[in-house]
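Novice: Need coordinates for the below:
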Amino acid sequence: MPVRTVIQRGPKQKKAAAFAIDWPGWSRGAKTAEDAVDLLEAYRERYLPVARLAGLEAEFERAGELDVVEDHVGTGSTDFWGISFAASSFEEGPMPQAELDSKIALLQAAWSFFDRMAAGVSAEMQKGARGGGRDRDEIIRHVLRNEQGDFAKKVGVPEPPELMVAPDERSQHREAFVAGIRDYNAQGLKAGRSWTVPFLIRHTAFHALDHAWEMEDKDLS
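Specialist: Numbers count the residues shown, from 1 in each chain. Model prediction:
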């Protein structure tokens, strides 16, 4: 089966993002839509371990070529970051159970991949423009702060009074996050004022993987 792919352009056409609808977190951005699609393809092998952690390795390896099924204009943030910040037309309304289970498995795999990468790289990161020169622990806290303080609250999970950094604390919060996702999907609710539940899953997985790959690229060990 071809990989259903969406191109999302910034309103000023400064940057574009390309992402796979059915594989949350497999998303890349570039200055042009064509370059974004090429970069997405280049990250196919880097996404494979995530599919493996989700128990979907065989299905992912059988996936065919990228097939652009939608090309539309997103939000102004895409022009600045080269990241998708809006749902596609394929990410509206509640998901069927099989789709929900698959996407949650991939989200949890993205979290596992991030945690494993964070545990294996050097504390000091190679300096460069990407990430503003943050070291490993700063990247970890950035990801968890967004996950716990912004993303999860869109499905009714309250922000903890302090950042939950320890592995058991992360696990506890993520279980509540997944429960919130399932509840909102069952009720057909939006994730906050403008996000949809499928987009929330995709964006949360992307954020974890993007910074996991950042740490992998900047590892000094």
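
Novice: Contacts only, for Ile140.
Specialist: Ala118, Val165 (C-beta atoms under 8 Å, 6 or more residues apart in numbering). Backbone N, C-alpha and C define where each C-beta goes, glycine included.

Novice: Kindly recompute the last result at 7 Å.
Specialist: When contacts are counted by C-beta atoms under 7 Å, 6 or more residues apart in numbering, Ile140 touches Ala118.

Novice: for it, helix, strand, or coil?
Specialist: Under DSSP: H, G, I helix; E, B strand; the rest coil, Ile140 falls in the helix class.

Novice: That one and Arg134, how far apart?
Specialist: Distance, Ile140 to Arg134, by C-beta to C-beta, to the nearest Å: 9 Å.

Novice: Stretch 80-98: which residues count as buried?
Specialist: Across stretch 80-98, burial judged by 16 or more other C-beta atoms under 10 Å covers Gly82, Ile83, Ser84, Phe85, Ala86, Ala87, Ser88, Glu91, Pro94, Met95.

Novice: Give me the phi and psi angles of the closest residue to the fifth one other than its chain neighbours.
Specialist: Closest residue to Ala86 apart from its sequence neighbours, by C-beta to C-beta, 6 or more residues apart in numbering: Gly74 at 4.4 Å. Here the main-chain torsion angles of Gly74 (degrees, to the nearest 10) amount to phi -100, psi -130.

Novice: Hmm, Gly74 is touching Gln8, no?
Specialist: Yes: contact criterion C-beta atoms under 7 Å: Gly74 and Gln8 qualify, at 4.0 Å.

Novice: and the closest residue to Lys153 other than its chain neighbours, what is it in contact with?
Specialist: Closest residue to Lys153 apart from its sequence neighbours, by C-beta to C-beta, 6+ apart: Glu159 at 5.6 Å. Residues near Glu159 by C-beta under 7 Å, 6+ apart: Gln148, Gly149, Lys153.

Novice: Drop anything exposed from these.
Specialist: For the contacts of Glu159, a neighbour count by 16+ other C-beta under 10 Å gives the buried set as Gln148.

Novice: Would you check the contacts of Glu159 and say which has the weakest pLDDT?
Specialist: pLDDT across the contacts of Glu159 is lowest for Gly149, at 94.

Novice: That one belongs to a helix?
Specialist: Yes: assessed with three-state DSSP, Gly149 lies in a helix.

Novice: Next one: it from Val143, what distance?
Specialist: 11 Å.

Novice: For burial, what's the neighbour tally of the nearest residue to Pro2 once chain neighbours are set aside?
Specialist: Excluding its sequence neighbours, the residue lying closest to Pro2 (C-beta to C-beta, 6+ apart) is Asp67, at 3.6 Å. Asp67 has 11 neighbours, counted by other C-beta atoms under 10 Å.

Novice: so is Asp67 in a helix, a strand, or just coil?
Specialist: Assigned by three-state DSSP, the conformation of Asp67 is strand.
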